[in-house]
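>>> Sequence and predicted structure, then a few things I'm wondering about:
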Amino acid sequence: MSAEPLRLHPDRFFSPDPAVRRVARELYETVADLPLVCPHGHVPPALLAEDAPFPEPTALLLTPDHYIFRMLYSQGVSMEALGIPTRDGTTVEADPRAVWQRFADHYHLFLGTPTRAWLDHTFAQVFGIDVKLSGETAMDVYDAIDAKLGEPDFRPRALFDRFNIDVLTTTDGAADTLEHHRAIRESEWDGRVLPCFRPDAVFRIAAPEWAAEMVRLGDAAGVEVTDYAGFIRVLEERRAFFKSMGATSTDHAVVDPLTHRLDDAEADRLLQRALRGEATAADQAAFEAHMLMEMARMSVEDGLVMQLHPGSFRDHNPAVFRRFGRDMGADIPLATEYTRNLRALLNVYGTEPGFTLVVFTLDESTYSRELAPLAGHYPAMRLGPAWWFFDSIEGMRRYRQRTTETAGFYNTAGFNDDTRAFLSIPARHDLSRRVDADYLAGLVAEHRLDESDAHGLIQALAVGLARDTYNLGEGTPESLLELSSDGEAR
Amino acid sequence: MSAEPLRLHPDRFFSPDPAVRRVARELYETVADLPLVCPHGHVPPALLAEDAPFPEPTALLLTPDHYIFRMLYSQGVSMEALGIPTRDGTTVEADPRAVWQRFADHYHLFLGTPTRAWLDHTFAQVFGIDVKLSGETAMDVYDAIDAKLGEPDFRPRALFDRFNIDVLTTTDGAADTLEHHRAIRESEWDGRVLPCFRPDAVFRIAAPEWAAEMVRLGDAAGVEVTDYAGFIRVLEERRAFFKSMGATSTDHAVVDPLTHRLDDAEADRLLQRALRGEATAADQAAFEAHMLMEMARMSVEDGLVMQLHPGSFRDHNPAVFRRFGRDMGADIPLATEYTRNLRALLNVYGTEPGFTLVVFTLDESTYSRELAPLAGHYPAMRLGPAWWFFDSIEGMRRYRQRTTETAGFYNTAGFNDDTRAFLSIPARHDLSRRVDADYLAGLVAEHRLDESDAHGLIQALAVGLARDTYNLGEGTPESLLELSSDGEAR
Amino acid sequence: MSAEPLRLHPDRFFSPDPAVRRVARELYETVADLPLVCPHGHVPPALLAEDAPFPEPTALLLTPDHYIFRMLYSQGVSMEALGIPTRDGTTVEADPRAVWQRFADHYHLFLGTPTRAWLDHTFAQVFGIDVKLSGETAMDVYDAIDAKLGEPDFRPRALFDRFNIDVLTTTDGAADTLEHHRAIRESEWDGRVLPCFRPDAVFRIAAPEWAAEMVRLGDAAGVEVTDYAGFIRVLEERRAFFKSMGATSTDHAVVDPLTHRLDDAEADRLLQRALRGEATAADQAAFEAHMLMEMARMSVEDGLVMQLHPGSFRDHNPAVFRRFGRDMGADIPLATEYTRNLRALLNVYGTEPGFTLVVFTLDESTYSRELAPLAGHYPAMRLGPAWWFFDSIEGMRRYRQRTTETAGFYNTAGFNDDTRAFLSIPARHDLSRRVDADYLAGLVAEHRLDESDAHGLIQALAVGLARDTYNLGEGTPESLLELSSDGEAR
């Protein structure tokens, strides 16, 4: 085949300046093989509970990755033609090879994007592919991957071990039974997979799905929620259950990160209105702002790290939402305000010992203006890594350039891959480690940092800060070993 | 003369890093001599219709260029002293040599600005000047340029041909007769000069000039506009006329890019209020938001590419406006919101086949936060190039750095020079091609892009994307050849 | 001691690229030893009036520096443990050596921050320390500094002279007697220390402290303020007094930079409401917006340069405020709007000859979007240097990258150190000069600037623009020599 070779250059993502590159390479080499600490992401736990062979390349790599199909969609390739499953019954392309070919025909769209960097890494490192993907090579690449997927070494748990994942945190609804997590822990396999408590759905009291979510929550808790006091009690119990299952963190997605405490009577009034199906958008905003306060209070008490992911206008394209559902590449960021919005929470809980609030943003203008100053002041606050659209080479550089001088390195939370694309995990950590090594090397080359300090920092950025922020020490924590087989903490 | 030499370094605007520079040079050389595709700008078509010799250097280079006189104004040189014509009868400097000298005395103000880069390019490349402009060399430079302007090779059409302009789009009001465009097409000269339909003035129903604009529109259409249905009919006819005269695009300037459909009755109510001279600012905002929806609808039907230029607070300085009028360097950008504002339009038309919406911004914080995610999702949307204050070396770099990783290269619209300074067109395209070559070379040097892919991309960035976005294939389109001499499509 | 050596690399903060570095070094060398022009800062004038020996290292370097203690606070070191004095009587760490040790134990928190760059410079250049500060070396470094502080050469005036400070402007309330400034001028020492008129406290009519501030103002003026006309009269007199004491500027801190003129009757109504203790937050906002107009009017008349520092949410953490008071590292920036807010002021006064308005920001997104375009148009406006969180290597680079292409260099105000940390002044100017030299060198290396022009510009950026903007010509101005000993202008 006359195809172009696929080669991952050993110095990729490093500055071409020889003075920087030498140091970047040295720093990177000290962390390249460290275990992967993954404190936040969206890998389905069933994957590792069932450990079934992956079906075939398209279902594995394309169908679940909204970074991929939204880019093709943006250039006129329909999601139906890419075989994305619909919820309205519309027929979609059923032949995975046809989808793969279509994707490969458009692979040039990803030039210069992190998606291409992750995919090329995955092709080369995970599957040993040595030709560039293109329309011409599409079927050869497909077949090569497909052949590998049949081997036992390419099952999820085998890859988890091969990827050297130290710990992988999933994201789970408040009503989740965590049955897959239990199955993993009851299995012989010793991979560390932890849940994360994400109760957004039961806080969105004006959403059409809310009532059904509350039923699920009641079922999970074994008690119907009829008032605010009961709601709080159930949430506390669910958190305790998650914690007993190894959770070290919670996660919260809101549009605006408004925090504001209501008195209990008012909170109950809002909940009653919601239970009658009468809650408005304004009610929900007030309730969410209040529940963030409550989540912080509970975190102070139970020690779960609180994560906040604000600023996304979800499901911006209703046609896509109606046909394909949520998380389909149609979420668009909004300008986001933190200084005023987070004040109530930080004033009350921001100096509580043992409390950690990790704040993310999709609005880069807040890095230097609001988030670094806040994280550089409040003891509880850490700045989450460059998120989503900014989990990229330039995005990470801007993150460091705009936050380090105010917040330093130690008020940042370390890397997380935040991915549902299991196969891309090594690529994402490798990219992050390379970008951080290069950033530190730049500081060394400009004599802003001693090489010895850079060597300490790269360890922190690659692994240490993530472990520290999320209380993810090495190995299986004691608490996990003390659990009875029914998942209750002893 | 002991003046310093003016030399355009062959490697200007390229990174000094040898690894980057080598590739940048190679990439640039492949596009340096390509024709100039100019899909958006403000060159007066009369210039090319009349093809009269340019008067003298000051009237050619200084008087029409608000980048130049606003910088001198900002440092205390009055616009009267620069000979800018007034509309209130105030006397201004009448001696072009005195103005030129004043400008040259302050040429240091432009150090590090794109204006200086464009001017130096124009001096050196167009006029063969080999000394740096300064107070000392002012008159020599003036005389040298003035002498050239008398030669036939320096007439507008000769320069158009020498500049290798493939196509030049102007900007024309909805009521415009396009007589200059007709004259150009009826002439023997085969330069491709196309109109663009810009109806802003008839959408600003609360503006003092609106009534007069509506009279002009009625005159052009041969029918008085008395209601909304008639207004829409006239607009559709005008668009058809523009299209028959070669237009491939429309252009729309608003403060906020709000899009929102009114029902026809409500739209008519607003128009009636306006016809009675009673429209308010709020009426206008609602009407403009609605008319953007209508413009998108018509673009879906007639295929004209829709451009949106929001976010400028026009005529910020009323003293300047009163004396000198519009476009006098006193327009100041505003923070601009796209995610919510564009939603109505994108939801309805954003996936229509054949529809293209090119969105520009003066708020760089929206590149990564809103525009790249929107362009990276909606099929119809393309991101316009770095605009106005950002049509510069650093501005273009930030544009690529903040948009590529989310939107890729292919959701961007290619370069346009957006200039009324005809002589600066080659300089602007050259600068853009150099900056893009350097950006791609940086990706190559960091092993983020293969050299072969970079060679393909530089062609797209220099010419291909502009042609593709604006439907400006090579050569004279069929439709133009089929026009009767009265300008009506057959 | 096996400690690591502390070395300030001669090429620190310069690009590692050899082509850039060579030019940066050459440019820097031409300004490295120029006198320091300090037109804005917060050094207490008592320091130089009394010229007492500095107490010991902790009280000198740590206790007054909110950059330092807020970073330690952010990582869980309490301000009490750092010996920060409380106003509520809470006991704090009394042993300066214990505080110093605690600080040194956490010195890694400052890696990559300007605080560390300034401190290392101060340690090495001012005190001749040659080991890196660490937990291990803490007491050795403390002792070495402490020993120096006992020497006459380390008294404030001796250091002022050794630092080669040409002029140092302080910041002083409207009611200030300027007794320390008088003492300095009546002393034999010829250091130039000038006051700056900062009347914010008497404009904040809804603040609890306002009544007391008005009493102080009345006392200073020798007349009770009972109405708006009297208020204006007193302010004019205080400005005249400040001017007679050498002031060349005023300074104004507001949350939003809204400017809006009220009629005098309305202004009086607000003031009367305030005198009755009934002013609301909305009253204050209107009054402040009006007083900015009045301050501009007075500046047009008396020639004092007007500075505007908006956009800080002061005392974000009420627990810190209650115990420790203001300026304790808990001020957090806000998104700030300039285009609309400054319009009223710029429309009326923005073209007045001799008037200068220096505008600062904590919202970097406004550099290119609003501030550079405004400064690049209005003759009166200059853009203040990168401020506070952005007074740093990356912060200054972004400032130049985002403002130069629109505003040029000559619409910027030159550097000011804005510090209360007297010992850090040389470090801050040195850092600024290095970053500017490096920025210009980058332009030279990319052939965007001739080397000869760069040599002119570095002089302007290091000293010339600050002198010019703030009317701080070399040597003691005439006016100062003509003052009687009672501080009244003759």
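Sure, I can see it.

>>> From here on, just use CA atoms for contacts and neighbour counts.
Noted.

>>> and the most centrally placed residue in chain A, what is it in contact with?
Compute the mean C-alpha point of chain A, and by C-alpha atoms, centre = their mean the closest residue is A:Asp418, 1.9 Å away. The contact partners of A:Asp418, by C-alpha atoms under 8 Å, 6 or more residues apart in numbering or on different chains, come to A:40-42, A:387-388.

>>> swap in A:Arg7?
Contacts of A:Arg7 (C-alpha under 8 Å, 6+ apart): A:124, A:130-131.

>>> okay if I get those as JSON lines plus secondary structure?
Below are the contacts of A:Arg7 laid out as JSON lines (DSSP: H, G, I helix; E, B strand; the rest coil):
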{"residue": "A:Ala124", "secondary structure": "helix"}
{"residue": "A:Asp130", "secondary structure": "coil"}
{"residue": "A:Val131", "secondary structure": "strand"}
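
>>> Relative to C:Gln101, how far out is the residue in the stretch 251-400 of chain A positioned nearest to chain C?
Relative to chain C, the nearest point of the stretch 251-400 of chain A is A:Pro379 (4.0 Å; C-alpha to the nearest C-alpha). From A:Pro379 across to C:Gln101, the span is 20 Å (C-alpha to C-alpha, to the nearest Å).

>>> between these two, which one's more packed in?
In this view A:Pro379 and C:Gln101 are compared by other C-alpha atoms under 10 Å in any protein chain shown, and A:Pro379 has more residues nearby, 28 against 21.

>>> Who are the contact partners of the more buried one?
Counting by C-alpha under 8 Å, 6+ apart, A:Pro379 touches A:350-352, C:73-76.

>>> Just give the nearest non-adjacent residue to it, would you?
Leaving aside its sequence neighbours, A:Pro379 sits nearest to C:Ser74 (C-alpha to C-alpha, 6 or more residues apart in numbering or on different chains; 4.0 Å).

>>> thinking the one you found is in contact with A:Pro373, fair?
No: assessed by C-alpha atoms under 8 Å, C:Ser74 is found out of contact with A:Pro373, at 9.9 Å.

>>> which bits of chain A sit near chain C?
Residues of chain A lying near chain C by C-alpha under 8 Å from any C-alpha of the partner chain: A:17, A:19-20, A:337, A:339, A:343, A:346-347, A:351, A:353, A:365, A:368-370, A:373-381, A:401-402, A:404-411, A:443, A:445-449, A:453.

>>> What count of nearby residues applies to A:Val275?
Careful, residue A:275 is Leu and not Val. A:Leu275, neighbours per other C-alpha under 10 Å, totals 18.

>>> how near is the nearest residue to it once chain neighbours are set aside to chain B?
Of all residues not flanking A:Leu275 in the chain, A:Ala211 sits nearest, at 7.3 Å (C-alpha to C-alpha, 6+ apart). Distance, A:Ala211 to chain B, by C-alpha to the nearest C-alpha, to the nearest Å: 27 Å.

>>> Now do the same for A:Ala211: helix, strand or coil?
Going by three-state DSSP: A:Ala211 is helix.

>>> next one: the one 4 residues further on
Taking three-state DSSP as the rule, one finds A:Val215 in the helix state.

>>> all helices of the stretch 351-490 of chain A, in order?
Listed in chain order, the helices found in the stretch 351-490 of chain A under DSSP state H, counting those that start in this stretch are A:365-366, A:372-375, A:393-407, A:425-445, A:451-459, A:465-469, A:478-481.

>>> Which neighbouring elements make contact with the fourth one?
Okay, so that is helix A:425-445. On a contact count with 3 or more C-alpha pairs under 8 Å, 6 or more residues apart in numbering or on different chains; DSSP states H and E, helix A:425-445 meets helix A:18-31, helix A:114-121, helix A:393-407, helix A:451-459.

>>> Residues contacting it, please?
A:12-15, A:19-21, A:23-25, A:27-28, A:31-32, A:36, A:117-119, A:121-122, A:163, A:392-393, A:396-397, A:400, A:415-417, A:419, A:449-451, A:454, A:458, A:461-462, C:15-16, C:112.

>>> now the angle between helix A:393-407 and it, please.
Per axes from the mean of the first three to the mean of the last three C-alpha atoms, to 10 degrees, the angle that helix A:425-445 makes with helix A:393-407 is 50 degrees.

>>> does A:Val167 count as helix, strand or coil?
strand.

>>> ok, it to A:Glu474 distance?
9 Å.

>>> Give me the more crowded residue out of the two.
Set A:Val167 next to A:Glu474 and count neighbours by other C-alpha under 10 Å: A:Val167 wins out with 23 against 11.
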